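Enquirer: need coordinates for the following:
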Amino acid sequence: GTAGTYNLNINTNSNFTGTAGYDADNTNLNILANGVIQLGSTFNTNGTGTISMVTQDNIVLTPGASVRSQATGNSILLASTGGSFINNAGGTALQATNGRWLVYSDTPTNTTEGGLTYNKIYNKTYAGNPPGTIGAGNYILYSEAPILTLTANSASREYGDVNPAISGELRGFIDGDTAA
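Expert: Residues are numbered from 1 along each chain as shown. The predicted structure follows:
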């Protein structure tokens, strides 16, 4: 027969700790937890298999951990709906060879990116902005919405004079963002 793509679903009402690792061909790994998801080894799918991990708490990658998928499209999804993403495994911890990875986290202050190369978007939640609504590329999506405040400098002119230059100060940037 023809090999298809299979599903391995793990649902837990508490924490999920992955220390033994996972390696499978053409199998989607779906972990749904109510507690912390902590990975300490390699979780790998070959072929068409994707990896999805969703929790209300933190997702933690400890040193030596990695999540890898060769699937196309949304090959890796890590969604912390009420906590943070903490990557202590380094810049190669997420590897989506033929697709992309998405991480949903709360704030840049609470998140440890760990050297990953990514795009970021604010004011996005997993429930309100599922993967199909996010443009191409690897992303960390923060539920926090920064509030920017523009304070205009005072200026005036007499009738018939040239308009003065408009200037002001923009505040409220977070995570190293600038107006540029």
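Enquirer: what distance do you get for the closest residue to Ser156 other than its chain neighbours to Ala155?
Expert: Nearest residue to Ser156, sequence neighbours excluded (CB to CB, 6 or more residues apart in numbering): Pro164, at 7.2 Å. (Glycine included, C-beta is placed from N, CA and C.) Using CB to CB, to the nearest Å, Pro164 is found at 4 Å from Ala155.
Enquirer: about what we covered before: so the residue nearest to Ser156, which state does it fall into?
Expert: Three-state assignment for Pro164 (DSSP: H, G, I helix; E, B strand; the rest coil): coil.
Enquirer: ok, now which ones touch it?
Expert: Neighbour list for Pro164: Ala155, Ser156, Arg157 [criterion: CB atoms under 8 Å, 6 or more residues apart in numbering].
Enquirer: can you get me a residue count around the residue lying closest to Asp23 once chain neighbours are set aside?
Expert: Among residues not flanking Asp23 along the chain, Asn44 sits closest, at 4.7 Å (CB to CB, 6+ apart). Neighbourhood size, Asn44 [other CB atoms under 10 Å]: 19.
Enquirer: so what pLDDT did Asn44 get?
Expert: pLDDT, Asn44: 95.
Enquirer: my guess is it contacts Arg68. True?
Expert: Yes - the pair Asn44 / Arg68 is scored as a contact, 4.4 Å apart, by CB atoms under 8 Å.
Enquirer: how about the residue of the chain most remote from its centre, what does it touch?
Expert: The outermost residue of the chain relative to its centre, with distances by CA atoms, centre = their mean, is Gly160 at 53.8 Å. Under the criterion of CB under 8 Å, 6+ apart, Gly160 has no neighbours.
Enquirer: same deal with Leu39?
Expert: Gly18, Ile59, Val60, Leu61, Thr62, Ala65, Val67, Ala89.
Enquirer: just list whatever residues bridge to the second one.
Expert: When you say that, I think you mean Ile59. Beta bridges link Ile59 to Ile37, Phe85, judged by DSSP bridges.
Enquirer: ranges for the helices of the protein?
Expert: For the chain, applying DSSP state H gives no helices.
Enquirer: any idea how far Asn26 is from the residue positioned nearest the centre of it?
Expert: Centre of the chain computed as the mean C-alpha position; nearest residue by CA atoms, centre = their mean is Val103, 1.9 Å away. Distance, Val103 to Asn26, using CB to CB: 24 Å.
Enquirer: what separates Ile121 from Thr133, distance-wise?
Expert: In terms of CB to CB, Ile121 sits 11 Å off from Thr133.
Enquirer: who are the contact partners of the residue nearest to the centre of the chain?
Expert: Here Val103 is in contact with Ile59, Leu78, Ala79, Ser80, Phe85, Leu94, Tyr118, Tyr139, Ile140, Leu141 (CB under 8 Å, 6+ apart).
Enquirer: tell me the bridge partners for it.
Expert: Here Val103, judged by DSSP bridges, has bridge partners Leu78, Ile140.
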